[in-house]
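# got a structure for you, letters missing:
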């Protein structure tokens, strides 16, 4: 085998491992998934997997990095397509929750990472800050353009949007396959955002008066 | 009070047989199990660790709770009993509407992070259909959603909600906010990041005030 073919094969294997790790971490969480489980599902031996990822923490780091890469790609492909505040916020909050596997991974790892000892703790803390800052910047931007009510504390609003997105995702995952069918998360987020847009007579008022 | 998840002690290895006082109450076992499930989730918690936390032998614990699943069921029933009692006391004594009562419970919860962690951790795990608490959380959510939607439908008919607030959407967003804020709060608390520590009950209260005219 040529050297480049070897690399290509190695990369392909890494991708297979990564995809299976995303699926298994998403199903059972990080703690309850073993490298052996991932190896088995990837059709390789435990030691074969260790060759690519020397530890479970290293595999988790790669999984989280791949999420960020994917989010960046989506960002650059969809940027500036729609200037509507609802669309921008939905994109910010929901883009990584459309795919059930990724949504499940995020939901389970986030809940696990509330203990500081969890290897994903710092990542989720940084993620929380990053999304919060982006949402605040977006809200301020749209306030300046006169599309968002001025009597809303953007900081509070951003915390609420972040919480809403995570909370809806949890429920959406749980309800998939249930009788009522999954509900439309994006639609609920859009309606929520509708409440903070400039009042055209009927918009409900949110009591986030800034002092 | 439940010990916060992030300061919980490590389990002592090789739990001694029996207990200094001769008997560990069922309540102590349920509290210890509740704390551990909140810290590491159902999958990772072991009956051995729980037995160790209450200074009981593993077989001793098995005598009370034959399986981890059985223990989980009892922990959830135990927490429900406490929450239900609190909700009823609030509704009775304060004469508040259902959503305001939920806010009071959220306020109470901010003094017991261990309990919040239990629900946050398990409800995320239990989004998988094969999780032993899956139907518990689905039923719990359905009940809350039905009750809240009922409240908002009544308020809407009485003309007390703002015009474009739809009862079911309002109920869904209130519950999603509470679930999401709990996680944010726990994450901030555990990392000692006071700048990120949201006031859960205040935020939800502001929101439900805003739904009304």
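Cool, the structure landed. Being a predicted model, the structure only gives us computed values, none of them experimental.
# how much space between the residue nearest the centre of chain B and chain A?
With distances taken as Cα atoms, centre = their mean, the residue of chain B nearest its centroid is residue B:119 (3.7 Å). Residue B:119 sits at a distance of 10 Å from chain A (criterion: Cβ to the nearest Cβ, to the nearest Å). Yep, even glycine has a C-beta here, placed from its N, CA and C like the rest.
# count of neighbours near the spatially closest residue to that residue that is not a sequence neighbour?
Spatially, and ignoring its direct neighbours in sequence, residue B:119 is nearest to residue B:182 (7.2 Å; Cβ to Cβ, 6 or more residues apart in numbering or on different chains). By other Cβ atoms under 10 Å in any protein chain shown, 26 other residues sit near residue B:182.
# wait, isn't residue B:182 in contact with residue B:118?
No - assessed by Cβ atoms under 8 Å, residue B:182 is found out of contact with residue B:118, at 10.6 Å.
# Let me know the next secondary structure element after whichever strand or helix holds residue B:121.
Using DSSP states H and E, residue B:121 sits in helix B:113-125. Sequence-wise, the next helix or strand downstream of helix B:113-125 (DSSP H and E) is helix B:134-157.
# got the contact list for that following helix?
By Cβ atoms under 8 Å, 6 or more residues apart in numbering or on different chains, the list of residues contacting helix B:134-157 from outside reads A:171, A:174-175, A:178, B:73, B:76, B:80, B:97-99, B:102, B:122-123, B:126-128, B:161, B:165-168, B:170-172, B:174-175, B:211-212.
# One more pass at 6 Å, please.
B:76, B:98, B:123, B:126, B:161, B:167-168, B:170-171, B:175 (Cβ atoms under 6 Å, 6 or more residues apart in numbering or on different chains).
# neighbour-wise, which of those residues leads?
residue B:170 (28 neighbours).
# Isn't that one up against residue B:212?
No - the pair residue B:170 / residue B:212 is not scored as a contact, 9.9 Å apart, by Cβ atoms under 6 Å.
# where does chain A come near chain B, residue by residue?
Residues of chain A found near chain B (Cβ under 6 Å from any Cβ of the partner chain) are A:27, A:31-32, A:107-108, A:111, A:114-116, A:125, A:159, A:163-164, A:166-168, A:170, A:173-174, A:188, A:191-192, A:202, A:204-207.
# What subset of the residues you listed is buried?
A:27, A:31-32, A:107-108, A:111, A:114-115, A:125, A:159, A:163-164, A:166-168, A:170, A:173-174, A:188, A:191-192, A:204-206 (16 or more other Cβ atoms under 10 Å in any protein chain shown).
# and residue A:110, what does it touch?
With Cβ under 6 Å, 6+ apart, residue A:110 has these contacts: residue A:124.
# so what pLDDT did it get?
Residue A:110 is assigned a predicted lDDT (pLDDT) of 95.
# got the residues of chain B near chain A?
Among all residues of chain B, those adjacent to chain A (criterion: Cβ under 6 Å from any Cβ) are B:5-6, B:43-44, B:120-121, B:124, B:127-128, B:162-165, B:169, B:172-173, B:176-177, B:179-181, B:183-184, B:186-187, B:190-191, B:198, B:206, B:209-210.
# So which of the residues you listed sit within helices?
Counted as lying in helices by DSSP state H, out of the residues of chain B next to chain A, are B:43-44, B:120-121, B:124, B:169, B:172-173, B:176-177, B:179-181, B:183-184, B:186-187, B:190, B:206, B:209-210.
# tell me the contacts of residue A:17?
Contacts of residue A:17 by Cβ under 6 Å, 6+ apart are A:42, A:52.
# Then residue A:163?
B:177, B:180-181, B:184.
# Quick one: the residues you listed as CSV, columns for neighbour count and pLDDT too.
Putting those into CSV (neighbours: other Cβ atoms under 10 Å in any protein chain shown; pLDDT from 0 to 100) gives the following:
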residue, neighbour count, pLDDT
B:177, 26, 95
B:180, 26, 96
B:181, 26, 95
B:184, 24, 93
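# show me where pLDDT drops low in chain B?
For chain B, the stretches flagged by pLDDT under 70 are B:1-23.
# can we see that at 80?
B:1-24, B:94, B:164 (pLDDT under 80).
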